[in-house]
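Participant: any chance you can model this:
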Amino acid sequence: MNKEKRYSSHFILMILSVLMIILLIVLSVITSTRLSNVSKELEKEKINLSQNEVMLKELRALKNAKVGLELLASAMEKQIPDKPSEHVIIEILRQISQENKAILKKIKFNERKILDKLVEMPLEMEFNGRYSSIISLLEKIRNGERLIRIDSIKLSKSAQEDGFIVAQITGSAFFK
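Facilitator: Numbering: from 1, shown residues only. The predicted structure is shown next:
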């Protein structure tokens, strides 16, 4: 009987040990799975953090550029007025041509085209002058008071032998 008790207590101890080992294995697997999930979540958070840092840098850059963008928007508002003001465009082109030692020979406004929020005024211009004067004139038109898009330029030699060229320019001015 004593022997049976010993076997019985050994058997119970053995079963408890096996159960303990199984429990430890299950807990280890659960812990490992949770640790893996936490690791994945941590990696996602690192990615989110780096994306947020990039976005923060972009927002700071935009904040720094705000003043410049406001000035640019103000300049664009002036370049695209509420009225067509053909006489103002003619005067601007005359002034630019005089400043660049070129001659405004002709300007013709064609039929207007209504765009989404703007009205386009196609125009044809003709200037006479030296090549360097025409290049400077084009640069001034491009950066001038009014938004004038240059669509095409045709250069030809002047009929007179004075070293001048004729620049026939088609483009468009805009208003709201």
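
Participant: where does this structure dip in pLDDT?
Facilitator: Low-confidence segments of the chain, defined by pLDDT under 70: 1-7, 161.

Participant: all helices of it, in order?
Facilitator: With helices called from DSSP state H, the chain shows them at 2-79, 86-99, 131-142.

Participant: of all the ones you listed, which one is nearest Lys157?
Facilitator: For the helices of the chain, the distance to Lys157 is smallest for helix 131-142, at 10.6 Å, taking Cβ to Cβ. All C-beta atoms are positioned from the backbone trio N, CA, C, and that covers glycine.

Participant: show me how far the closest one is from its chain's centre.
Facilitator: 28 Å (Cα atoms, centre = their mean, to the nearest Å).

Participant: send the alpha carbons of it over as PDB?
Facilitator: The C-alpha coordinates for helix 131-142 follow below in PDB (Å, rounded to 0.1, in the frame of the first residue of the first chain):
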ATOM      1  CA  TYR A 131      17.500  90.800 -82.000                       C
ATOM      2  CA  SER A 132      18.800  91.700 -78.400                       C
ATOM      3  CA  SER A 133      16.000  94.300 -78.100                       C
ATOM      4  CA  ILE A 134      13.300  91.800 -79.100                       C
ATOM      5  CA  ILE A 135      14.700  89.200 -76.600                       C
ATOM      6  CA  SER A 136      14.700  91.800 -73.800                       C
ATOM      7  CA  LEU A 137      11.200  92.900 -74.800                       C
ATOM      8  CA  LEU A 138       9.900  89.300 -74.700                       C
ATOM      9  CA  GLU A 139      11.300  88.900 -71.200                       C
ATOM     10  CA  LYS A 140       9.700  92.100 -70.000                       C
ATOM     11  CA  ILE A 141       6.300  91.000 -71.500                       C
ATOM     12  CA  ARG A 142       6.700  87.700 -69.800                       C
END
